[in-house]
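1. Model the following, please.
(one chain, ligands or ions: 1)
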Amino acid sequence: MLDPAAQRPVDLAADVRIQGGRIVEIGRGLVAPRIIDVKDLWVVPGLIDLHVHLREPGQEYKEDIETGTRAAAVGGFTTICCMPNTRPVNDQRAVTELIVRRAKEVGCVRVRPIGAITHNLDGKHLADIAEMKEAGIVAISDDGRPVMNSGLVRRAFEYARTFDLPLVQHAEDLDLAEGGSMNEGAVATRIGIKGQPACAESAMVARDLEIVEWTGARYHVAHVSTARTVALIRDAKRRGLPVTCEVTPHHLALTDEACSHYDTRTKVMPPLRTTADQEALLEGLVDGTIDAIATDHAPHSPVEKDVEFECAAPGMLGLETALPIILDFVRMGSLDDKRAIAALTGAPARAFGIPGGSLAIGAVADVTVIDPERPMTLTPETIASKSRNSPFMGQKLAGRAVLTIFEGKVVHDLDSRLR
Ligand SMILES: [Zn+2]
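-> The predicted structure follows:
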């Protein structure tokens, strides 16, 4: 088993005994009424994703809580945090309660909602943060839209601090971005698509860090995509600011070259960047500047994607391909297996201050078993998500969750070990 958050040796061969939905014993030669043999596989804490779009309520033709949590279970995730840009927006108690209730009714993993910063994501009026906190939100964000107004960001930070919630910023200065559909650079020029500069992201992060220093509030940067942002966060952490951040598998694995055939599945926000950015992201993940790996799972239907590149909605699926993409870096030797698992378990839990992410005695039994070499190909026939918008569709990948256990119950069992 691999449990980077553990006090005991992080990497050891052992049995895990689960009873009543909790981990009750870890050791060699344990006995139980039913034994699942997962010798030679990795037993890790259930994966945690800080950044998922479940599309319910309002856009269930793209995804819903049932299919989104199913995709999560297949991908090895037992906790997912869902972004508030639903219809209606999750900016008030009633919507938060609806998501929490639906997740209990039809969801197969834990769903932790993120509330909006501003009412209807209007960027002008603060949402009912206190009420949403009571109803169960774990962070606030206007994800998809950056909060441009600096005075409002300051007030939002002060509220967030009062309720001990991290503020999650989709960092994109809209005036600098000027509606660019991909990264501004050589590829955009070559293929004639309007780009947005890397500084659209880092300029907003730089502004936010000044306000974090002033307010002392917790700040989490969503989907970091540029080398400059990594440098800014590294410096902020060195100065002791309460800052965390995440990177997506697609920003680690792809560059703007992937956009050169106008494939709208490669259109994401922030856009895929350059090789230099990609290298800085990996370095930041390795040295811990980047805390967590988060998917930004963003399902879209052909209505939003089978159009010209500039008109296509940004976003790609992530839950079912995150693990094989990250394990590729482990296989190449550029990322340590323990660091990879930590960034998918304990580190995201700490970033948002939520439980989970460790196989501790007494902890809720959220456990994922990974076969790191298992071949896998995402196909329209086998995908659990309702949408298909992944540039990895049809590619031969390797490494996947073979068993996902949520609160002691098996929610994904690839090889029918329990039959
Ligand atoms: Zn975003």
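2. So Tyr262 is in contact with Ala188, correct?
-> No - with contacts counted by CB atoms under 8 Å, Tyr262 stays clear of Ala188, the gap being 11.6 Å. C-betas here are computed from N, CA, C, even on glycine.
3. out of the two, which sits in the busier spot?
-> Ala188 (20 against 15; other CB atoms under 10 Å).
4. Does the helix or strand encompassing the more buried one pack against any helices or strands, and if so which?
-> Secondary structure from DSSP states H and E places Ala188 in helix 186-191. Judged by 3 or more CB pairs under 8 Å, 6 or more residues apart in numbering; DSSP states H and E, helix 186-191 is in contact with no other helix or strand.
5. just checking, next helix/strand downstream of that helix?
-> Scanning forward in sequence from helix 186-191 by DSSP H and E, the next helix or strand is strand 195-196.
6. wait, what's in contact with the closest residue to Ala398 other than its chain neighbours?
-> Nearest residue to Ala398 in three dimensions, chain neighbours excluded: Pro375, at 5.3 Å (CB to CB, 6 or more residues apart in numbering). Pro375 sits next to Lys396, Leu397, Ala398 when contact means CB atoms under 8 Å, 6 or more residues apart in numbering.
7. What pLDDT does the model give Arg419?
-> In this model, Arg419 is scored at 69, pLDDT.
8. just checking, Ile233 is part of a helix?
-> Yes - assignment of Ile233 by DSSP: H, G, I helix; E, B strand; the rest coil places it within a helix.
9. name the element the residue nearest to Ala398 belongs to?
-> strand 367-377.
10. so how far is Arg112 from the residue in the chain that the ion sits nearest to?
-> Nearest residue of the chain to the ion (CB to the ion) works out as His170 at 3.6 Å. Per CB to CB, to the nearest Å, His170 is found 18 Å from Arg112.
11. hmm, back to that, may I see the buried residues of the helix or strand following the strand holding Pro375?
-> As assigned by DSSP H and E, the chain's next helix or strand after strand 367-377 is strand 396-406. Using 16 or more other CB atoms under 10 Å as the test for burial, strand 396-406 gives Leu397, Ala398, Gly399, Arg400, Ala401, Val402, Leu403, Thr404, Ile405, Phe406.
12. Let me have these in TSV, extended by distance to Thr248.
-> Shown next, in TSV, are the buried residues of strand 396-406 (distance: CB to CB, whole Å):
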residue	distance to Thr248
Leu397	16
Ala398	19
Gly399	17
Arg400	18
Ala401	18
Val402	24
Leu403	25
Thr404	21
Ile405	25
Phe406	23
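13. now the nearest residue to Asp366 once chain neighbours are set aside: how far from Gln19?
-> What sits nearest to Asp366 in space, not counting adjacent residues and going by CB to CB, 6+ apart, is Gly46, at 3.1 Å. In this view, Gly46 and Gln19 are 17 Å apart by CB to CB.
14. quick one, which of the two is more surrounded?
-> Applying other CB under 10 Å to Gly46 and Gln19 shows that Gly46 carries more neighbours, namely 29 against 12.
15. right, and that one touches Ala73 too?
-> No - in terms of CB under 8 Å, Gly46 does not count as a neighbour of Ala73; the distance is 9.4 Å.
16. which residues do the two both contact?
-> Common neighbours of Gly46 and Ala73, counting by CB under 8 Å, 6+ apart, are Val109, Thr404, Phe406.
17. List, one by one, the residues from this protein near the ion.
-> Counting by CB under 5 Å from the ion, the chain comes close to the ion at Asp143, His170.
18. ok, the residue most central in space within the chain - contacts?
-> Central residue of the chain (CA atoms, centre = their mean): Ala294, 2.2 Å from the mean position. By CB under 8 Å, 6+ apart, the contact set of Ala294 is Asp49, Leu50, His51, Ala222, His223, Glu246, Val247, Thr248, Pro348.
19. so which helix or strand takes in the second one?
-> Leu50 is part of strand 47-52, with elements assigned from DSSP H and E.
20. between that strand and strand 367-377, how big is the angle?
-> If you take axes from the mean of the first three to the mean of the last three CA atoms, to 10 degrees, strand 47-52 sits at 70 degrees to strand 367-377.
21. Identify the residues contacting the helix or strand following strand 47-52?
-> Proceeding N to C from strand 47-52, the next assigned helix or strand is helix 65-75, under DSSP H and E. Applying CB under 8 Å, 6+ apart, the contact partners of helix 65-75 are 47, 49, 52, 54-56, 63, 78, 80, 82, 99, 102-103, 106-109, 111, 295, 297, 299, 317, 319-323, 383-386, 401, 404, 406, 411-412.
22. Pull out the buried members of those.
-> Applying a neighbour-count criterion of 16+ other CB under 10 Å, the buried members of the contacts of helix 65-75 are 47, 49, 52, 54-56, 63, 78, 80, 82, 99, 102-103, 107-109, 111, 295, 297, 299, 317, 319-323, 383-386, 401, 404, 406, 411-412.
23. sorry, back to before: got the buried residues for the strand holding Pro375?
-> Val367, Thr368, Val369, Ile370, Asp371, Pro372, Arg374, Met376.
24. Partner strands of it, with direction?
-> Strand pairing for strand 367-377, determined by DSSP bridges: strand 42-45 (antiparallel), strand 396-406 (antiparallel).
25. so how far is the longest one off the chain centroid?
-> For strand 396-406, the distance from its own C-alpha centre to the chain's C-alpha centre is 17 Å (CA atoms, centre = their mean, to the nearest Å).
26. Over to the first one?
-> Between the mean C-alpha point of strand 42-45 and the mean C-alpha point of its chain there is a distance of 18 Å (CA atoms, centre = their mean).
27. Name the surrounding residues that touch it.
-> Here strand 42-45 makes contact (CB under 8 Å, 6+ apart) with 1-3, 5, 16, 337, 341, 344-346, 356-359, 366-372.
28. and the helix holding Ala188, how far out from the chain's middle?
-> The answer for helix 186-191 is 29 Å, by CA atoms, centre = their mean.
29. mind putting the contacts of Pro375 in CSV, pLDDT included?
-> Formatted as CSV, the contacts of Pro375 follow (pLDDT from 0 to 100):
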residue, pLDDT
Lys396, 97
Leu397, 97
Ala398, 98
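30. Which of the residues you listed lies at the shortest distance from Ser181?
-> Nearest to Ser181 out of these is Leu397 (CB to CB; 26.8 Å).
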